[in-house]
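Enquirer: Any chance you can model this:
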Amino acid sequence: MYDLAGKVAMITGVGRPRGIGRATALRFAQEGAHMVLADLGSGVQQIADDIQGVAPDLVRVAAEMEATGAQVLAVPTDVSQPDEVDNLVQRAVDQFGQVDIMVCNAAIIADQGIDPLELTTDVFSRVLAVNLVGTFLCAQAAARQMVAQGRGGKIVTVSSRAGRRGSAQTPAYSSSKFGVIGLTQSLALALAPYGIRVNCVCPGAVDTDMGVPIHEQRAIAMGASPETARDEAARAIPLGRLTTGDDLAKAIVWLSSSETDHITGQALNVTGGSLMN
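Expert: Below you'll find the predicted structure:
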């Protein structure tokens with residue numbers, strides 16, 4: 001057990017049933033943290049259209065976390081919109097009086113399967129707006145509150161193996177995730193005087209809802225079934241299986257605890273042994 005009982009943890013992108021955000025929320029609930037959960041609400045159709053596979057369901061996940069006995073606040077939020085992010089943090093303070101942890105997890109893959117020569121600036125910009133700008137806005141808003149509180153805090157961002165090595169299939173997504181690592185390092189330096197630690201996790205091949213379209217695209221290239229593509233991806237991992245949301249959740253909760261008080265500005269690979277630059 002960590003020292004997270006009574007801490008207030010904000011987590012974005014929690015709405016998918018097999019996602020990193022939901023798994024992370026469950027881990028925080030097990031550690032006794034109070035949680036502020038964010039994902040898209042109704043009426044955010046443009047970004048929702050970019051989320052392939054299972055649509056996010058913030059209400060369902062919030063109810064699931066409440067069933068564990070955790071204190072939960074769910075706030076529909078488009079992280080690419082500054083006013084909505086500010087509202088998210090203010091709602092957290094109004095409900096719980098403080099913000100101790102921010103997990104910037106929300107992301108989309110809108111360029112999967114699009115020929116880079118045909119990729120529009122609208123799609124490219126939308127991916128960066130959610131994945132990179134959204135991470136910045138959430139980290140900035142949380143950090144402002146943490147500075148005002150004067151007790152430090154923890155911010156954890158979520159990059160990707162695509163943020164370590166470029167991908168021909170997802171240039172926008174890869175660019176955004178490279179940016180998340182640079183942003184993490186910059187914020188870690190800027191916020192260190194306030195006792196705010198900023199670190200990043202970099203998932204490898206993750207068995208989540210967002211990963212389904214990736215396996216489908218690989219299957220098309222292989223001339224095989226999505227199941228075959230998924231199994232081949234798992235075999236390529238030294239530890240012999242795809243990374244799970246819970247694998248990432250364990251790392252995120254660890255980075256959010258006092259066990260890592262002398263760690264900041266780091267990008268931690270959670271890949272099952274797959275080497276990345």
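Enquirer: ok, residues contacting the longest strand that the chain contains?
Expert: The longest strand of the chain (DSSP state E) is strand 196-203. The contact list for strand 196-203 (Cβ atoms under 8 Å, 6 or more residues apart in numbering) reads 20, 139, 143, 146-147, 152-161, 163-164, 180-181, 184, 187-188, 191, 243, 248, 251-252, 255, 260-261, 263-271, 276. Any C-beta I mention is one placed from the backbone N, CA and C, and that applies to glycine too.
Enquirer: again, 7 Å this time
Expert: Contact with strand 196-203 is made by 20, 143, 146, 152-161, 163-164, 180-181, 184, 187-188, 191, 243, 248, 251-252, 255, 260-261, 263-270, 276, as judged by Cβ atoms under 7 Å, 6 or more residues apart in numbering.
Enquirer: for stretch 254-262, same thing?
Expert: Contacts of stretch 254-262 with the rest of the structure, by Cβ under 7 Å, 6+ apart, involve Tyr2, Asp3, Leu4, Ala9, Ile101, Lys154, Val156, Arg197, Asn199.
Enquirer: Now for these: which two are most distant?
Expert: Asp3 and Asn199 (17.0 Å; Cβ to Cβ).
Enquirer: who's more crowded, these two?
Expert: A count of neighbours by other Cβ atoms under 10 Å puts Asn199 above the other of Asp3 and Asn199, at 24 against 12.
Enquirer: If I look at that one, what pLDDT would I see?
Expert: In this model, Asn199 is scored at 98, pLDDT.
Enquirer: Then the one 4 residues further on?
Expert: Pro203 is assigned a predicted lDDT (pLDDT) of 95.
Enquirer: What is the neighbour count of it?
Expert: 27.
Enquirer: and it, bridged to which residues?
Expert: On the basis of DSSP bridges, Pro203 is bridged to Val270.
Enquirer: Where does the prediction get shaky in the stretch 151-277 of the chain?
Expert: For the stretch 151-277 of the chain, applying pLDDT under 70 flags the ranges 209-224, 226, 277.
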